[in-house]
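*Asks:* Model the structure of this input:
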Amino acid sequence: MSTDPEVRAELVAAVRRFVERDVAPVASELEHADEYPAALVATMRDLGLFGVTIAPEYGGLGLDVLTYTAIVEELAAGWMSLTGILNTHVMVANLLAASGTDAQARRWLPELASGARRGALSLSEPDAGSDTGALSCRAVRDGDEYVINGTKMWVTNGARAGLVALAARTEEGITCFLVDKEPGERWGGISVSRNIGKLGYKGIETVEMVYDAHRVPADAVLGGEAGLGHGRHFILSALEVGRINIAARAVGVARAAFEASLRYAQQRETFGVPIAEHQAIQLKLADMATKLEAARLLTRNAAERRQAGERCDVEAGMAKLFASEAALEIATDAMRIHGGVGYTTELPVERYYRDAPLMIIGEGTNEIQRLVIARGLLARYGIDR
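*Replies:* Numbers count the residues shown, from 1 in each chain. Next up is the predicted model:
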């Protein structure tokens, strides 16, 4: 069901106020300290954002993907790391809603909706990122349990999560497990072996997690017995929303960089006039605005198709590809417009420049997106031979 436009506008406005009041004043300080934004996350929970796409019957807001996309853009415009805290959680909730059993949905979705339990998605490994067929993490059946062994990489929210949607190899193929855990560095056979330092995207943990003979009950298989061997399909479907999220993040970062440039160009003077009056700057601003609008429209199109229940692998790939590349280009132009001060930590322009590359890599590299787009187009419009 589509969200009423007035409800969407009210919620997005509430998020914008939160960003302006609470996020913008502290984002740079927290980001440079690589400090987890506990107070901001608590406010996000109070706003109901962790249950934004979860059905009201489970305590969520039940809002559509278009609304979620607009919220992500607002958060990313304030501080992109906040959207990562939300995204992996929403993907787990969507996995449960789309592919979980009724019992799994009843058990987990209310806690996810309230934010009492946080979700994390764990797919990548040291030697398996885009190549999901190379996954080596294994789950072996032992009576009424599965024993999991393996190492997972790039797990956002891994330490703080209370529920991990984990891809592991079983006899039937790649299977998705719902791993119940307590937040922290260790739980049962799970350990967070290291927190990986990053160029940007700071203030949020990105960890390596080791599963050493960790046991989960047999009913932890997403979708029950029928879900055995179908984990890759379940997760790739959820990644469509993840890629729309990445596109929306990119739009938010690009918007922040563009708006900062627009303000600065009207304030900074050279040769007796604001630099906005110089043709070279005007050309940059025109290109930045055009790329930003195109990125936003592609992102909205993908969200609308997803909400309508239509296949959107091509559209999500296009949105993610274009918006992420545009964000890096716009962030780079923003630094050029700001000149020397843009290279300092006195303004957030350097943060936009460091955050933007994540969107090119996250949820599948842009090289993979091009393959997804091309193969999807050939499947839709291929010529019969």
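*Asks:* so where do the strands sit in the stretch 151-300 of the chain?
*Replies:* 163-170, 173-180, 186-187, 190-195, 206-217, 269-270, 273-274 (DSSP state E, counting those that start in this stretch).
*Asks:* Need phi/psi at residue 28.
*Replies:* Phi and psi for residue 28, reported as degrees, to the nearest 10, are phi -60, psi -40.
*Asks:* number of nearby residues for the closest residue to it other than its chain neighbours?
*Replies:* Residue nearest to residue 28 in three dimensions, not counting chain neighbours: residue 348, with 5.5 Å by C-beta to C-beta, 6 or more residues apart in numbering. Just so you know, the C-beta spots here come from the backbone N, C-alpha and C atoms, and that holds for glycine as well. Residue 348 has 20 neighbours, counted by other C-beta atoms under 10 Å.
*Asks:* same deal with residue 346?
*Replies:* Residue 346: 10 surrounding residues under other C-beta under 10 Å.
*Asks:* same question, residue 209
*Replies:* Residue 209: 27 surrounding residues under other C-beta under 10 Å.
*Asks:* And the pLDDT for the residue nearest to residue 28?
*Replies:* At residue 348, the model reports a pLDDT of 97.
*Asks:* contacting residues for it?
*Replies:* By C-beta atoms under 8 Å, 6 or more residues apart in numbering, the residues touching residue 348 are 27, 28, 256, 260.
*Asks:* which one of these sits closest to residue 205?
*Replies:* Nearest to residue 205 among the contacts of residue 348 is residue 27, at 17.2 Å by C-beta to C-beta.
*Asks:* low-confidence ranges in the stretch 1-150 of the chain?
*Replies:* The stretch 1-150 of the chain contains residues with pLDDT under 70 at 1, 129-131.
*Asks:* Go ahead and name everything in contact with the helix or strand hosting residue 16.
*Replies:* Residue 16 is part of helix 5-18, with elements assigned from DSSP states H and E. Contact with helix 5-18 is made by 43-44, 47, 49, 61, 63-64, 66-67, 70-71, 74-75, as judged by C-beta under 8 Å, 6+ apart.
*Asks:* Which single one of those is nearest to residue 307?
*Replies:* So of the contacts of helix 5-18, ranked by how close each gets to residue 307 (C-beta to C-beta), first place is residue 64, at 4.7 Å.
*Asks:* What does the closest one show for phi and psi?
*Replies:* Per-residue torsions, residue 64: phi -80, psi 170 (degrees, to the nearest 10).
*Asks:* pretty sure it contacts residue 307?
*Replies:* Yes: if you go by C-beta atoms under 8 Å, residue 64 and residue 307 touch, sitting 4.7 Å apart.
*Asks:* Common neighbours of those two, please.
*Replies:* If you check residue 64 and residue 307 against C-beta under 8 Å, 6+ apart, the residues they both contact are residue 2.
*Asks:* just the strands of the stretch 151-300 of the chain: most buried one?
*Replies:* strand 163-170 (a mean of 24; mean count of other C-beta atoms under 10 Å).
*Asks:* Can you check what angle separates it from strand 190-195?
*Replies:* When axes from the mean of the first three to the mean of the last three C-alpha atoms, to 10 degrees is applied, the directions of strand 163-170 and strand 190-195 differ by 100 degrees.
*Asks:* I'd like to know which elements strand 163-170 is packed against.
*Replies:* Helices and strands touching strand 163-170, by 3 or more C-beta pairs under 8 Å, 6 or more residues apart in numbering; DSSP states H and E, are helix 81-99, helix 102-114, strand 119-122, strand 138-142, strand 145-156, strand 173-180, helix 231-267.
*Asks:* roughly how far is that strand from the heart of the chain?
*Replies:* 18 Å (C-alpha atoms, centre = their mean, to the nearest Å).
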